[in-house]
Structure formats: structure tokens, C-alpha cells
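Participant: What follows is a protein structure lacking sequence information:
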């Protein structure tokens, strides 16, 4: 049996509520959490001294387009229309399979480096099977836990390709699972929506879909309900301009919403969503969306979410959205998102003695949410496997990986 003991850390758990346990051990056996408590009597395990570390569940990014990593910062001072035309249409169409591979790998490693152990990769750059294989190979190589959303370039307006979806299912296993990345009722005719939902039902897969009031359907949730297509296996993204009646339909169906506050604000998608979703009783996950416009770490996203106002969300609620609620949004709350015994050991250790965190022991939850950054992340475990240790990523030849991304960026900007 493979055993790892995190000894004497300041543990923040998220289930059943967000709580701090001081001087607490976490025992990991064969990739799962075996026990959490003070002074565990364990003698036959590898020990990590966590006495000056904050130990917490890995973050869950519920919406990101990893293929856009090589386009970092390109769409900061533009609107949504420019992004759709130039990023999805222009740069997206110029992506070769090797470009998808480089961006997906560096993007996934960026996640891990910052303590994001699970990412929902909405991959709408699937021009060929080779593009798909490149994306999947990169996710597998990175060591991250991923939900790979397979879908067509959205400007094409076509349904998800059934043969391509079958290929994805043949390729996914272990840490990488699949979802249908649909265009959805807000942006595609109902015939396309029906085809995508039927494909998801055929393979028993979740659907991930961008949602808004218009331009095709002004009441897209009502349309899905009337079509018999509204259910708990759906993850909606954004939805800032939806009326409260639409949010109630999401809540009643058991579906979830991923919010990406920085991108939604910068691209003027509408008023912040998290407070409205909380009031409506909708399961809410947090996502980065695109590094073309926002930073790629969950610490920044949590601060953005917290800044919505004093009465909207507490720091504990924000941390829970970034972990357990995100897992619930992906249908994975029974596997990840907390330190409950039996769950996958997706865990991060943050140095509590770093300059920007020292003195924060009186409220570690508030300190993590408001003050921490990726540089404070010392150790990252995915299913008990270290992917970052002593502040350094453990992935193979990192320099070769970074060079490949630089070559991709040069190709895209030269084309």
C-alpha cells in the first residue's frame, strides 16, 4: 500500500462546512484520503512536514479554454464582439494540432502550479481528430484531473460530431473524463441543440454550454424546459443577463452555473452573477475562462468574486465555490472538493510563513481568499500523486514545453 502522511498542518476543509483544524494530519493511502485528525498514529508512511503549511482541497476550475494559452493578454482592452471575431474566428482557425498541444499542456501546468487540481477544459477548437488527440495527450501528460469538453468551433454553428465524440470516449480514462461542449440554445437553432443533447444522452455525458438571453433565444432555459431538455447534467456558463425566472428554472432542474467574474466584467456581459445565483439556490462553480483577458489562477478569481460586495458572499463561501461547489457543478462532489475520508487526494499545501501570508493565522480562510497567490503554493497532489513539490513543478522537461508554447505564439502572431 502506498501511504503518504501530511503531518501537523493547518487544515481547511470544506465539507460539510468550511472549517479550520489546527495541528492536524492527513493520511493518504493509494491516492485517497484515509484519515484526517490530530496526532494520527502512523509509522509506515512517507511524511511531509506540514507544520508551517495551510492544507486544503485542490481548486476546481469549472470553465476554461486551455487552447487559448498562447494568446495570453491579447483581448484585455476589447469587447466580446472583437474576441468572437478575432480570437475564435481568426486565431482559432490558425491553430494547428501542435499549437493545441502546447497551449493545453502549458495551460494545464499553469493550473497545477497555482493549486488548481481539476479543470473543465471547454475545447471548441476541434477542427480535426488530430486537434483532439493533441488536446487529450497534453491533458494526460500534465497530470491534471480534467473534464474535456469536446465541441466544434462555435462560429460554425454545427452540432458536436458524433464520430469525434466517440473517439474522445475511446481516449479518455482515469483522470481525464469527457463532456459534450455544446453551442446551446442562446447561439444555435433548436435543431442543433436537440442533436447535441441527444448525443449526450446516448453516451450518458454531461453538457457544458454558454448561456445568455439571446441572440437566438431570449429565454433559453424556458426553451430547454419546453423541449424536455432541462436536467441536472447541465453546466451553464455565464448567463449574466438572464432574468430571475430563468435562474429559477436552473435551480429547479438541479443544473449548475460556472461564473468567470473577471472576463464577464471586462467583456461587459452583465451584472455579477454569484449573488443572484446564491439567492436562487443554484449550484455555482468558479472558472477562469480565458487568459486572453484574465489571470489564470484561482486566487485572483476568488478575490474578484469576493469583491462583489460585503453581503453577496463571505470568504468561506468563496472558498467553497472554488472547491466543493465547483466539484458539485461538475458532478464530481463524491470524488473531490473536500478532505472527506474516501475521496481522491487532490490536495494543496500553501506556505503560511511567506511574506504575504505571515500573520494570517487568526483567520486562515480570509487570508487564503484575500492574500494568497500561486507563488505560495508549495505542494500539489492529484490523486495522491505529487505534481508540484517544494515550490517546483515536477513535469518532465519544462523548458521544452515552454519553448513549444513560444513557438506557437510566434506562429499565431505571424500568420
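Facilitator: Alright, I've got the coordinates. Keep in mind it's a predicted model, so treat the numbers as computed, not measured.

Participant: which non-adjacent residue is nearest residue 291?
Facilitator: residue 72 (4.7 Å; Cβ to Cβ, 6 or more residues apart in numbering). In this view, the C-beta of every residue, glycine as well, is placed from N, C-alpha and C.

Participant: For that neighbour, report the pLDDT, please.
Facilitator: Looking at residue 72, its pLDDT reads 98.

Participant: how close does it sit to residue 406?
Facilitator: Residue 72 is 11 Å from residue 406, where distance means Cβ to Cβ, to the nearest Å.

Participant: now residue 107
Facilitator: According to Cβ to Cβ, residue 107 and residue 406 sit 14 Å apart.

Participant: Those two: which is more packed in?
Facilitator: Set residue 107 next to residue 406 and count neighbours by other Cβ atoms under 10 Å: residue 107 wins out with 27 against 12.

Participant: for the host helix or strand of the more buried one, which positions count as buried?
Facilitator: Counting by DSSP states H and E, the element that carries residue 107 is helix 97-113. By 16 or more other Cβ atoms under 10 Å, the buried positions in helix 97-113 come out as 97, 99-113.

Participant: Check which helices and strands it sits against.
Facilitator: Under the contact criterion of 3 or more Cβ pairs under 8 Å, 6 or more residues apart in numbering; DSSP states H and E, helix 97-113 touches strand 59-64, strand 116-123, helix 129-142, strand 377-382, strand 385-389, strand 392-393, helix 398-414.

Participant: from these, which stretch is densest packed?
Facilitator: strand 59-64 (a mean of 30; mean count of other Cβ atoms under 10 Å).

Participant: Direction-wise, compare that strand with helix 97-113 and give the angle.
Facilitator: 150 degrees (axes from the mean of the first three to the mean of the last three Cα atoms, to 10 degrees).

Participant: For residue 262, which non-adjacent residue is closest in space?
Facilitator: residue 294 (3.7 Å).

Participant: And for residue 46?
Facilitator: Closest to residue 46 by Cβ to Cβ, 6+ apart is residue 4, at 5.1 Å.

Participant: doesn't the one you found fall inside a helix?
Facilitator: No - read with DSSP: H, G, I helix; E, B strand; the rest coil, residue 4 is strand and lies in no helix.

Participant: Adjacent strands (with direction) for the helix or strand containing residue 48?
Facilitator: Here residue 48, judged by DSSP H and E, is contained in strand 46-49. Its sheet considered, strand 46-49 pairs with strand 3-13 (parallel) by DSSP bridges.

Participant: pLDDT weak spots in the stretch 201-350 of the chain?
Facilitator: For the stretch 201-350 of the chain, not a single residue meets the criterion pLDDT under 70.

Participant: again, only using 90
Facilitator: Along the stretch 201-350 of the chain, the model assigns pLDDT under 90 to residues 308-311.

Participant: so where do the helices sit in it?
Facilitator: 220-226, 244-253, 261-266, 274-280, 298-306, 315-321, 324-329 (DSSP state H, counting those that start in this stretch).

Participant: Can I get these in CSV including mean neighbour count and distance to residue 213?
Facilitator: Putting these into CSV (neighbours: other Cβ atoms under 10 Å; distance: least, Cβ to Cβ, whole Å) gives the following:
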stretch, mean neighbour count, distance to residue 213
helix 220-226, 20, 7
helix 244-253, 17, 7
helix 261-266, 22, 14
helix 274-280, 18, 13
helix 298-306, 23, 22
helix 315-321, 24, 23
helix 324-329, 27, 21
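
Participant: closest to residue 410 out of these?
Facilitator: When those are compared by Cβ to Cβ, helix 261-266 sits nearest residue 410, at 25.3 Å.
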